[in-house]
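[1] When you get a sec, could you give me coordinates for this:
(one chain, ligands or ions: 1)
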Amino acid sequence: MGKTLQDFHQQRLKNESRVAIVNLGCVRNTVDSQTMMATLERKGHSLASLEGADAVIVNTCSFIESAKKESIDAILELIALKKKGKIKKVIVAGCLAERYGSQLVSELKEVDAFVGVQAMSPKALQAKAYLTPPHYAYLKICESCFNKCSFCVIPKIKGRFISRDMEVVLQDVRRFDEQGVKELNIVGQDITAYGLDIYRKKNLAELVGKIAREVKNIEWIRFLYAYPAHITDELLDVMAREPKICKYIDVPLQHISDKVLKAMNRRITKAQTIALIEKIRRKIPGVFLRTTFIVGFPGETKKDVEELKAFLVDHPFERVGVFTYSHEEGTKAYDLSGQVPQKVKEARAHELMKEQEKVAQRLHERLIGREMKILIEERKKDDTTIYIGRSEFDAPDVDGVVYVKSPRPLRQGQFVSARITQVLGYDLMGEALSVRQ
Ligand code: SF4
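    Coordinates of the predicted model:
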C-alpha cells in the first residue's frame, strides 16, 4: 500500500486524461468517489463514462461477503475490458484495496494500482454532486468508527475515528446550498460520535443546529446512521425544534436479544433500546424510524429470533432492513463458536422481513389521505403523468418512493404537495395538489 492518490496522478496518469470512476458500496463510498473526481479534475484530468475512459478507478467495498464479491466481479469485468483494449488502466481504490491489497497485487496482476482508503483521504473535501442528481447531496462529517462492534471490520480497514473540522464542514454546506442542493444527507460510520476526537464532546447537535439555521436553499437535512448508544437529548431536541431537519432517524439496532447485543459489543441493552425508542417518539411526534438487524450472529438461537420478531410487532418501525451475519476474518466474532449455517440465516432474515411487511403495510395505511411534501426525482418511464419522488421520511436509495400523479409536468428537484391515495407495498401513491416553482 503506501501509494497515495497524489502519487497515482504523478506516476500513472501522466498521459491519461479521461478517467471514469465505478462506485460500489455505501453512500460513504459515494462521497469518497465524489472527492476523487474533484481531485482528478483539479489535477487537469477530465471525467469520462466507462466507454470513453483511458483509466477506470473502481472504488470498492469489502464490508461483507456480498460486497467483496461485487467488487471482485467489477474488477474482473474491467480487466476484461483492458484485455480487449477498450481501456488502458485499471485502478482499484477503497476498502477492498485497503483490506486485501497485498494479496490482490499478486492475484490481479492486470490491475495497474491499488489505493487504500487511508492513503486516499484528502485534507479538504471539494465534493461536487457528481454521483448524485443536483438536488441532493451526501456530506461526510467523519471517517471510520469510534465503536468496536465484534462483527465489523470497518475500524480495522479505516483506521482511527476522525471528525472533520466543523468550519470546514460548514464551508461544504455553504457550497452545496449555493449550488441549489435541496436535500443534504449527513453521513459517516457513526455520526453521533462526531466531535468526540477533536472537540472532546459529541457535537452533532451543535453542527446540525448551525446547518439548519444557516442554509437558504436546502430544505431537508437528514442524518443517516445514528449509533443508538450515542444519541443525545440535545440531538433529539434540535431535531424536534428545527423544521428543516427531517423527522427521520436511521438507528441501526442490529439485534434486540441482550445476549446477542452483548456478544456484538453494542453497548446497549434491550431495556435501554426500548427506552430510547420511546423517548425519540415522545420528543419528536410523527418521527419515522429506520433500523437494520443482523440475523445469524454466532450463538443466535431460535428463541433470540422469536424475541426479535416480537420486538418488531411491539415496537413498530416504519422502515426495517434485515441482513444476514457475514463471517469476516479479522473481527472478534470470527472465532466465536456457534456459527449459524447460511441457509438458516437466510430463513431467519426472510421470516423477519415477512413480519415487517405486515407492520409496514399497517403503518403506511395510516398515511392515506394525508398531505405530504414530496421532492420529485424523475418521471415514470411508462407513464407521462406519473412522477417518482420522496417524502422527508424516505432516504435516497434505501427507502421506498412516492409516486405522484400530476397532469402538469414536474421537474426533477421540485417540491410538490401531494395527497396520499394508495399504498403499494413499501411505496406510496399520491396526487399532486400544489406545485412549488
Ligand atoms: S458502529 Fe459498529 S457496525 Fe457500525 S461501523 Fe462502527 S463498528 Fe462497524
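
[2] for the protein, what's the longest helix?
    Longest helix in the chain by number of residues (criterion: DSSP state H): helix 342-365.

[3] Listing partners with orientation, what would you give for the helix or strand following that helix?
    Next along the chain after helix 342-365, taking DSSP states H and E as the criterion, comes strand 371-379. Neighbouring strands of strand 371-379 in its sheet, by DSSP bridges, are strand 386-390 (antiparallel), strand 415-424 (antiparallel).

[4] Out of the ones you listed, which is the most enclosed?
    Mean neighbour count, computed with mean count of other Cβ atoms under 10 Å, is highest for strand 386-390 among the strands paired with strand 371-379, reaching a mean of 22. Backbone N, C-alpha and C define where each C-beta goes, glycine included.

[5] Which residues outside that strand are in contact with it?
    If you take Cβ atoms under 8 Å, 6 or more residues apart in numbering as the criterion, strand 386-390 is touched by 374-380, 396, 399, 401-406, 410, 416, 418, 432.

[6] Relative to the whole chain's centre, how far out is it?
    21 Å (Cα atoms, centre = their mean, to the nearest Å).

[7] List the buried residues of stretch 343-350.
    The neighbour-count check on stretch 343-350 (16 or more other Cβ atoms under 10 Å) flags K345, R348, A349 as buried.

[8] which non-adjacent residue is nearest the closest residue to the ligand within the stretch 201-350 of the chain?
    Using Cβ to the nearest ligand atom, Y227 is the residue of the stretch 201-350 of the chain that sits closest to the ligand, at 5.0 Å. Excluding the flanking residues, the one nearest Y227 by Cβ to Cβ, 6 or more residues apart in numbering is D190, at 4.5 Å.

[9] I'd assumed L224 was in contact with that neighbour.
    No - contact criterion Cβ atoms under 8 Å: D190 and L224 do not qualify, at 10.9 Å.

[10] still on that earlier bit, look at the residue nearest to Y227 and report its pLDDT.
    Model confidence at D190, given as pLDDT, is 91.

[11] Share the number of residues neighbouring it, please.
    23 (other Cβ atoms under 10 Å).

[12] Heading C-terminal from the helix or strand bottoming out on mean pLDDT in the chain, find the next helix or strand.
    Of the helices and strands making up the chain, the lowest-confidence element is helix 5-12, at a mean of 45, by mean pLDDT, DSSP states H and E. Per DSSP H and E, helix 5-12 leads on to strand 18-23 as the next helix or strand towards the C-terminus.

[13] Other residues contacting that next one?
    Contacts for strand 18-23 (Cβ under 8 Å, 6+ apart): 13, 29-30, 33, 36-37, 40, 45-50, 52-59, 74, 78, 131.

[14] Just the buried ones among these, please.
    Among these, those classed as buried by 16+ other Cβ under 10 Å are 13, 29-30, 33, 36-37, 40, 45, 47-48, 53-59, 74, 78, 131.

[15] Mind checking which of the residues you listed are in strands?
    L47, A55, V56, I57, V58, N59 (DSSP state E).

[16] I'd like to know which of those residues is nearest to the ligand.
    The ligand has its nearest neighbour among these in N59, at 17.7 Å by Cβ to the nearest ligand atom.

[17] In this structure that closest one contacts A93, no?
    Yes - contact criterion Cβ under 8 Å: N59 and A93 qualify, at 5.0 Å.

[18] which residues do those two both contact?
    Among the neighbours of N59, those also in contact with A93 (Cβ under 8 Å, 6+ apart) are D32, M36.

[19] residue ranges for the strands of the stretch 51-200 of the chain, please.
    For the stretch 51-200 of the chain, the strands defined by DSSP state E, counting those that start in this stretch occupy 55-60, 89-94, 113-115, 136-140, 142-143, 162-163, 183-187.

[20] ranking those strands by mean pLDDT, which is last?
    Among the strands of the stretch 51-200 of the chain, strand 113-115 carries the lowest mean pLDDT, a mean of 79.

[21] buried sites along that strand?
    For strand 113-115, burial by neighbour count (16+ other Cβ under 10 Å) applies to A113, F114, V115.

[22] Redo the buried residues of stretch 343-350 as TSV? Include pLDDT and distance to S144.
    Below are the buried residues of stretch 343-350 laid out as TSV (pLDDT from 0 to 100; distance: Cβ to Cβ, whole Å):
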residue	pLDDT	distance to S144
K345	96	27
R348	97	30
A349	97	27
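
[23] re the thing from before, let me know the closest of the ones in strands among the buried ones among the contacts of strand 18-23 to V313.
    Set against V313, the nearest of those by Cβ to Cβ is N59 (39.3 Å).

[24] Beta-bridge partners for that closest one, please?
    N23, A93.

[25] Please determine how far it is located from E328.
    N59 sits 20 Å away from E328, going by Cβ to Cβ, to the nearest Å.

[26] need the residues of the stretch 201-350 of the chain near the ligand, please.
    Residues of the stretch 201-350 of the chain lying near the ligand by Cβ under 6 Å from any ligand atom: Y227.

[27] Do a quick rundown of the helices in the stretch 201-350 of the chain.
    204-214, 233-241, 258-264, 270-283, 302-314, 342-365 (DSSP state H, counting those that start in this stretch).

[28] can you list contacts of the longest one?
    So the one you mean is helix 342-365. With contact meaning Cβ under 8 Å, 6+ apart, helix 342-365 is reached by 293, 295-296, 300, 305, 308-309, 312-313, 316-320, 322-325, 340, 423, 425-426, 428.

[29] again, only using 6 Å
    For helix 342-365, the surrounding residues in contact (Cβ atoms under 6 Å, 6 or more residues apart in numbering) are V295, G296, V305, K309, L312, P316, E318, V320, V322, T324, V423.

[30] can you tell me the residue of the stretch 151-300 of the chain closest to the ligand?
    C152 (3.1 Å).

[31] pLDDT score assigned to A124?
    So A124 comes in at 33 (pLDDT).

[32] hang on, I meant E328
    On pLDDT, E328 comes in at 89.

[33] Spatially nearest residue to it (excluding sequence neighbours)?
    Leaving aside its chain neighbours, E328 sits nearest to V153 (5.0 Å; criterion: Cβ to Cβ, 6+ apart).

[34] residues in contact with that neighbour?
    Each residue near V153 by Cβ under 6 Å, 6+ apart is listed here: E328, G330, T331.

[35] tell me which of those is nearest to Q103?
    G330 (12.7 Å).

[36] Is it correct that that closest one is in contact with P155?
    No - counting by Cβ atoms under 6 Å, G330 sits too far from P155 to count as a contact (10.2 Å).
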